[in-house]
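Asker: Got a predicted model here, sequence first, then my questions.
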Amino acid sequence: MDTRHSHRGLALLLLALPLLFVMIAALVVAILISPGTPEAAGLPTGAEICDRYVEATGGADTWAKIVNRKTTGVLEIPAQMLSFEMTIWSARPNLTYMSMANPAFGTIESGVSPDGVVWEKSIMTGPVIKEGEERQMRLNEAQFDGMGRWREIYQSAECTGEDTLDASACWTVKLTSKSGTERTVWFDKESGLIRRIDMSVPTEAGVVPMSVIPGDYREVDGLLSAHLTVIRVLGQERVMTTKTVEQNIEMPEGRFDPPDDVKALLEK
């Protein structure tokens, strides 16, 4: 094996992890969806498919009752024999604090603060404040109640056709954000649940194509949540297994404030 290629791949992986972590946080329960646009004859509209997903996961009224969430789990990268213990705190409207811990790489943290600061820190990068396209994507993905506000997040949803995933018939929907980024989502025709999402995400290492495959949906406080998520990125698979999901809990004071070294960057 070319060790230089292996080390470069691992470096890219670690750079992509914080944004990957944000994606997983959003997908534990839902993906943001968008308003409908005209589809070809015989196809349902993107809005109809997405609205059905909302109902299939518990309905808009149930979504509205949830104001915060704490999720714990494990992110495994089998090809690298790596495992990260994960904790995700989130609250309305888009507050997040996330940590991933591994003995070899320490703790990787990231978050969105009450005043809209998007940040991360690790032993590789130190404290970093995100700007531009990556900041906007993280703000979008961090929307806690995105299902109830989906028309504010995306400008269009188009049903592009039919497909089959693992012998399951699906509708494919192209979602376009207000900034112009696109993703394709496969919705199971029978259950209405999401089977796969393909997207490209901006990182410090460049734009990274990614496929996200949520599964093992279980009910938590009336909402169906994915307890197993497979992420295919950089030629490898990452597997996130959810251990616990707690909702409408008492949050620690200052939970979403940036760390002191991130605050120091803001003061420069």
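Answerer: Great, that's in hand. Numbering: from 1, shown residues only.

Asker: same for the biggest strand by length in the chain, what does it pack against?
Answerer: Ranked by number of residues, the top strand in the chain under DSSP state E is strand 206-220. Strand 206-220 sits against helix 3-27, strand 194-203, strand 223-233, with contacts defined as 3 or more C-beta pairs under 8 Å, 6 or more residues apart in numbering; DSSP states H and E. All C-beta spots, glycine's among them, are computed from the backbone N, C-alpha and C.

Asker: Identify each buried residue in that strand, please.
Answerer: 208, 210, 212-214, 217, 220 (16 or more other C-beta atoms under 10 Å).

Asker: Flag whichever of these scores worst on pLDDT.
Answerer: Least confident by pLDDT among these: that is Val208, with 84.

Asker: If that one is in a bridge, with which residues?
Answerer: Beta-bridge pairing for Val208 (DSSP bridges): Val201.

Asker: wait, doesn't it sit right on Leu234?
Answerer: Yes - using C-beta atoms under 8 Å, Val208 makes contact with Leu234 at a distance of 6.6 Å.

Asker: do you know how far the residue lying closest to Asp221 once chain neighbours are set aside is from Asn140?
Answerer: Spatial nearest neighbour of Asp221, chain neighbours left out: Gln247 (5.1 Å); criterion: C-beta to C-beta, 6 or more residues apart in numbering. For Gln247, the distance to Asn140 equals 21 Å [C-beta to C-beta, to the nearest Å].

Asker: picking up where we left off before, looking at the helices and strands packed on strand 206-220, which has the lowest confidence?
Answerer: Among the helices and strands packed on strand 206-220, helix 3-27 scores lowest, with a mean of 50.

Asker: next helix or strand past that one?
Answerer: Going down the chain from helix 3-27, the next helix or strand is helix 46-56, by DSSP states H and E.
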